[in-house]
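Student: Need coordinates for the below:
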Amino acid sequence: MATITGFPLGALWYGPLFGGAWMTATGITAERVHQANKGRIYGTTLLLNFVIATSLAMFIGANATLQDGAFAGFMAGLTYVAAAFGVSYLFEFRPLNLWAINAGYQVVVFSVMGAILGAWR
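Tutor: Below you'll find the model as predicted:
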């Protein structure tokens, strides 16, 4: 369940919520999105999300609650992922709003994954 969390959240995040700003910041066009190999993108994303969820489950531990998992996921997303993105984005001269969109998404996904893993018993 935690593995697929990113798909509906991503559809909202990179769709109606921040899709236009993300496309502008990345320079990706709607035409390019439609030409992409969606099977490869979504299949690899599923595999990588499984790796993330498995690692997060080990980090959270077997006795976590929903609240413990959500907090651990939030902190991992914020302090590991968002901070690491920030360093890369600084050296790549990427715009701050792109960092906020991408890092924000990861913090939300990690938080929700953590909550699911913490509640799962």
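Student: Show me where this protein has its helices.
Tutor: Per DSSP state H, the chain carries helices over the ranges 6-12, 19-26, 30-35, 38-60, 66-76, 83-91, 96-119.
Student: Kindly reformat the ones you listed as a markdown table and extend each row with mean pLDDT.
Tutor: As requested, the helices of the chain are arranged in a markdown table below (pLDDT from 0 to 100):
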| stretch | mean pLDDT |
| --- | --- |
| helix 6-12 | 97 |
| helix 19-26 | 97 |
| helix 30-35 | 95 |
| helix 38-60 | 97 |
| helix 66-76 | 98 |
| helix 83-91 | 98 |
| helix 96-119 | 98 |
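Student: and the ones you listed as CSV, adding mean neighbour count?
Tutor: (Glycine included, C-beta is placed from N, CA and C.) Formatted as CSV, the helices of the chain follow (neighbours: other Cβ atoms under 10 Å):
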stretch, mean neighbour count
helix 6-12, 15
helix 19-26, 15
helix 30-35, 10
helix 38-60, 14
helix 66-76, 20
helix 83-91, 12
helix 96-119, 21
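Student: The most centrally placed residue in the chain and residue 31: what is the separation?
Tutor: For the chain, the residue sitting closest to the mean C-alpha position, by Cα atoms, centre = their mean, is residue 106 at 2.9 Å. In this view, residue 106 and residue 31 are 26 Å apart by Cβ to Cβ, to the nearest Å.
Student: pretty sure residue 10 contacts residue 106?
Tutor: No: when contacts are counted by Cβ atoms under 8 Å, residue 10 is not listed as touching residue 106 (10.3 Å).
Student: I'd like to know how far the residue in the chain sticking out farthest from the centre sits from residue 84.
Tutor: No residue in the chain sits farther from the centre than residue 63, which is 24.2 Å out by Cα atoms, centre = their mean. Residue 63 is 28 Å from residue 84, where distance means Cβ to Cβ.
Student: ok now do the closest residue to residue 67 other than its chain neighbours, which residues does it touch?
Tutor: Closest residue in space to residue 67, ignoring its immediate chain neighbours: residue 118 at 7.0 Å, by Cβ to Cβ, 6 or more residues apart in numbering. Residue 118 makes contact with 60, 64-70, 72, according to Cβ atoms under 8 Å, 6 or more residues apart in numbering.
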